[in-house]
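Undergrad: Predicted structure and sequence below. I'll ask about it afterward.
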Amino acid sequence: MGQTRLFLTAPREQAESIFSILDAHFEDDGLPISIFEPEEDSGIFQISIYTEDDADSLEQRVLESLADVSPLPPLGREDVPEIDWVSHSLEGLRPVRVGRFLVHGSHDRHLQRIGDIAIEIDAGLAFGTGHHGTTAGCLSTLADILKSEQPRNALDLGTGSAVLAIAIARSARIPVLATDIDPVATEVARSNVRLNGVTGLVDTHTAPGFHHSVFAREKPFDLIVANILARPLMALAPAMAQHLTPGGSLVLSGILERQRRAVVAAYGGQGFRHVRTQAREGWVTIHMKR
Ligand SMILES: C[S@@+](CC[C@H](N)C(=O)[O-])C[C@H]1O[C@@H](n2cnc3c(N)ncnc32)[C@H](O)[C@@H]1O
C-alpha cells in the first residue's frame, strides 16, 4: 500500500513551530514527521507527515492541531507510491556536517573529505538522517565528549537509523549496544551498521527501554546516548543510573527547551550532574555525568 504525504511550507521560525506542534500532537501515533529545507539556504522549510492509513482523517487532525497557527500555510497532499518512499525521502536530504561527522546518502559519498568521519545512511524508514536538531545535537555533543574522554563501552538507546551508534563506533572504535523499541527501526539500524562496516562493534536489539537480557550482559556503559523524548527519558532516569558507570557520560535529546529543567531535575535526583546543554531548532541536547 502506498503512503500519503501531507506537507506545509513556511519560513524557518514558523516551520519549526509547526513541526514541534505536529511532533507533540502525533507523538503517540508513531507517524514519520520531517522538516527540511528543499532549497539550500532559502530559509524556507517543508514539514511533512506521512501516513499509510486514512489520509482524510489525518488531514483533519493536522488542521485541528494547527488551529492556533495564523496565518496557516496551505496544507499540501500527495501520494507517495510505496516503491519510491525510501529514495524519495532521501532525494530531498542533503548531507549534514556536524563537527567531523558527515552524515550522507549513497549518492553523496564523493563529498567526503580527509579527516571526516563519514556515516552513510541509506534508509528512510527509521528516524536519524542527521537533519533533525536532536540528532545533530547528539552528534555535536558526542564529538565534544570524544575529544576529552575515552569511553570503552557505549549504549545508544532509541537508535533509529543507528546514526549515533555508528558515529561512536567509527570515531572511538569501541563496542556499542544499539537498541530500539521498534523492530522496523532495528532492521534499518542493522542494515546501516553493515553498510558502514561496523558489524564487529555495533550490536543491535529490539527492546523497550532497558527490558532485555542483553543489558545485564553488556552493562555497565561509560557512555550512553538516548534521543527519545522528555517523558520517557524522565521515566528511564533510575535505570540509566543503574547502567552508567560513575564518571560516565550521558547524552539526552528529544527534549523541547521548555522541558529541559524537568529532565535535568529528574536526572539530578538520580545523582547526575549537568555538564552542558546545546540548543538547536527548539530542541535541547543535554550532557550529564554521574
Ligand atoms: C528521535 S528517534 C532517534 C533516532 C536516532 N538515535 C537519532 O538520534 O537520530 C527515537 C527512536 O527511539 C525509539 N524509541 C522510542 N521510545 C523508546 C523506548 N522506550 N525504548 C527504546 N527505543 C525507543 C523510536 O522507535 C525511535 O527510533
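TA: Thanks, I have it.
Undergrad: Give me the longest strand you can find in this structure.
TA: Criterion DSSP state E: the longest strand present in the chain is strand 244-256.
Undergrad: just checking, what packs against that strand?
TA: helix 133-148, strand 221-227, helix 230-235, helix 260-268, strand 283-289 (3 or more CB pairs under 8 Å, 6 or more residues apart in numbering; DSSP states H and E). Yep, even glycine has a C-beta here, placed from its N, CA and C like the rest.
Undergrad: And the longest one, what's buried?
TA: By 16 or more other CB atoms under 10 Å, the buried positions in helix 133-148 come out as 133-146.
Undergrad: who does that helix touch, helix- and strand-wise?
TA: Applying 3+ CB pairs under 8 Å, 6+ apart, one finds that helix 133-148 contacts strand 96-98, strand 101-104, helix 163-172, strand 221-227, strand 244-256, strand 273-280, strand 283-289.
Undergrad: ranking these by mean pLDDT, which is last?
TA: Between those, the lowest average pLDDT goes to strand 96-98, which shows a mean of 88.
Undergrad: per-domain residue ranges of this protein.
TA: In the domain annotation for the chain, the residue ranges read 3-88, 126-289 (automatic domain parsing).
Undergrad: what about the last one, near the ligand?
TA: Yes: residues of domain 126-289 contacting the ligand under CB under 6 Å from any ligand atom: 126-128, 134-135, 138, 157-160, 163-164, 179-182, 185, 208-209, 227-228, 232, 254.
Undergrad: Please report the distance of Arg276 from Thr285.
TA: Arg276 sits 9 Å away from Thr285, going by CB to CB, to the nearest Å.
Undergrad: same deal with Ser140?
TA: Separation of Ser140 from Thr285 (CB to CB): 7 Å.
Undergrad: Show me the common contact partners of those two, please.
TA: Counting by CB atoms under 8 Å, 6 or more residues apart in numbering, the contacts common to Ser140 and Thr285 are Gln278.
Undergrad: returning to what we had before: out of the domains of the chain, point me to the one whose mean pLDDT is lowest.
TA: Lowest mean pLDDT of the domains of the chain: domain 3-88, a mean of 83.
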